[in-house]
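1. Everything below, folded, please.
(2 chains)
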Amino acid sequence: DQQVKQNSPSLSVQEGRISILNCDYTNSMFDYFLWYKKYPAEGPTFLISISSIKDKNEDGRFTVFLNKSAKHLSLHIVPSQPGDSAVYFCAAALTGGFKTIFGAGTRLFVKA
Amino acid sequence: NAGVMQNPRHLVRRRGQEARLRCSPMKGHSHVYWYRQLPEEGLKFMVYLQKENIIDESGMPKERFSAEFPKEGPSILRIQQVVRGDSAAYFCASSPSSPPGDEQYFGPGTRLTVT
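-> Got it, this is the predicted structure:
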């Protein structure tokens, strides 16, 4: 029962270009979405979030877009840097619930 | 201000032994979560605890797994009679308030290997 899906296991991008990571969810009750970044041998670190009342949230080079009708969100990184190479997890939660549901992750490679 | 601490970082157990994983949340955080990550998979929610209370354990296997977060000391995830399928990375996270508003701060994980 995968409520949060990241269909691309990996993505390779040239340094300086845009990275777009995608995420789909099935539960229309989710109202809060987060992206985490994970380096090898470390725990995930929070990157950016968005609530369902917005369709865009920006923080520096990172922007998250939410399309509620399509139950889809995406993370844009521009310009991409080699240090962005990591696994990116999409996560979803709902107000009043206690679980945060994570996707399987997308491994981003940014080539110099 | 130390982050979330987990120990041990690596744990090897033989089948049938007990595994005990510890998590110290960030200072000021009273909400603790445990997740399991199997190879090539995402993080699977296991349990959410506040001090002395289990709030949501819907992701915990019904047998052999238990968790606690005592008034004093770290949170403990206990796995009794481990089997090979328990081999995974176990991550603990903490937050200052109840979900979903705040992001969670993760520890470095404990990698459990069952031989």
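
2. Could you grab the helix/strand/coil label for the closest residue to B:Pro25 other than its chain neighbours?
-> Nearest-residue entry for B:Pro25: B:Ser94, 3.3 Å, with adjacent residues in sequence omitted and distances by CB to CB, 6 or more residues apart in numbering or on different chains. C-beta here means a position set from N, CA and C on the backbone, and glycine is covered the same way. What DSSP: H, G, I helix; E, B strand; the rest coil gives for B:Ser94 is strand.

3. What separation is there between B:Ser94 and chain A?
-> For B:Ser94, the distance to chain A equals 11 Å [CB to the nearest CB, to the nearest Å].

4. what's the burial count for that residue?
-> A count of neighbours around B:Ser94, defined by other CB atoms under 10 Å in any protein chain shown, yields 25.

5. Was I right to think A:Phe46 contacts A:Asp59?
-> No. Contact criterion CB atoms under 8 Å: A:Phe46 and A:Asp59 do not qualify, at 10.7 Å.

6. do you know how far the residue nearest to A:Glu15 when sequence neighbours are not counted is from A:Glu42?
-> In space, and not counting its chain neighbours, A:Glu15 is closest to A:Ala112: 5.1 Å by CB to CB, 6+ apart. Distance of A:Ala112 to A:Glu42, given as CB to CB, to the nearest Å: 22 Å.

7. These two: who's more crowded?
-> Higher neighbour count among A:Ala112 and A:Glu42: A:Glu42, with 14 against 8, using other CB under 10 Å.

8. ok, now which ones touch that one?
-> By CB atoms under 8 Å, 6 or more residues apart in numbering or on different chains, the contact set of A:Glu42 is B:108-109.
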